[in-house]
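Chemist: Structure here, sequence nowhere to be found:
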């Protein structure tokens, strides 16, 4: 199994009590990535997760902080200025949002074969990374 980049929505669903079907599916997906060191996230995903978990799911901020610490089991891509410039190019060339493009660039930098997300077209390949909607 190649490395897989995990978008924020997959991590949010993994703790969403209002959607137990997606929560359980995401937990099942994430478990082997953690055990096999194949999961990748970025500092962008960590930031988005904190905001979504505390605002959308109304989770306690300190609990979310502890969850973020647990995410350190994944490989973490640190966003750099060069990645931001590449994401701008990716957004223009592929007609994507800047934020989705930054996810793609992060996955590319980490040499991931797949991005798990709901936010992009399933089975589309961008910059050598295949988009996969796990639902």
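Modeler: Right, received. Where do you want to start? Predicted model only: the values in this text are computed from it and were never measured. Numbering: from 1, shown residues only.
Chemist: and residue 94, how many neighbours?
Modeler: The burial metric for residue 94, expressed as a neighbour count using other C-beta atoms under 10 Å, is 15. In this view, the C-beta of every residue, glycine as well, is placed from N, C-alpha and C.
Chemist: Name all residues that make contact with it.
Modeler: By C-beta atoms under 8 Å, 6 or more residues apart in numbering, residue 94 lies in contact with 101, 126.
Chemist: Give me the pLDDT value at it.
Modeler: In the prediction, the pLDDT value recorded for residue 94 is 95.
Chemist: Quick check: residue 91 vs residue 112, distance?
Modeler: With the distance defined as C-beta to C-beta, to the nearest Å, residue 91 ends up 19 Å from residue 112.
Chemist: who has more neighbours, the two?
Modeler: Here residue 91 and residue 112 are set side by side on neighbour count (other C-beta under 10 Å), and the busier one is residue 112, at 24 against 18.
Chemist: Contact partners for that one?
Modeler: Under the criterion of C-beta under 8 Å, 6+ apart, the contact list for residue 112 reads 2, 3, 4, 5, 40, 129.
Chemist: How about residue 71?
Modeler: 11, 41, 46, 49.
Chemist: May I have the phi/psi pair for the closest residue to the second one other than its chain neighbours?
Modeler: Put plainly, it is residue 41. Closest residue to residue 41 apart from its sequence neighbours, by C-beta to C-beta, 6 or more residues apart in numbering: residue 74 at 4.9 Å. Backbone dihedrals for residue 74, given as degrees, to the nearest 10, come out at phi -80, psi 160.
Chemist: Run a quick neighbour tally on residue 74.
Modeler: By the measure other C-beta under 10 Å, the count of residues near residue 74 is 24.
Chemist: returning to that earlier point: let me have the contacts of residue 71 in CSV, extended by neighbour count.
Modeler: Formatted as CSV, these follow (neighbours: other C-beta atoms under 10 Å):
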residue, neighbour count
11, 25
41, 27
46, 17
49, 24
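Chemist: Distance to residue 101 added to these, as TSV?
Modeler: As requested, the contacts of residue 71 are arranged in TSV below (distance: C-beta to C-beta, whole Å):
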residue	distance to residue 101
11	19
41	16
46	18
49	19
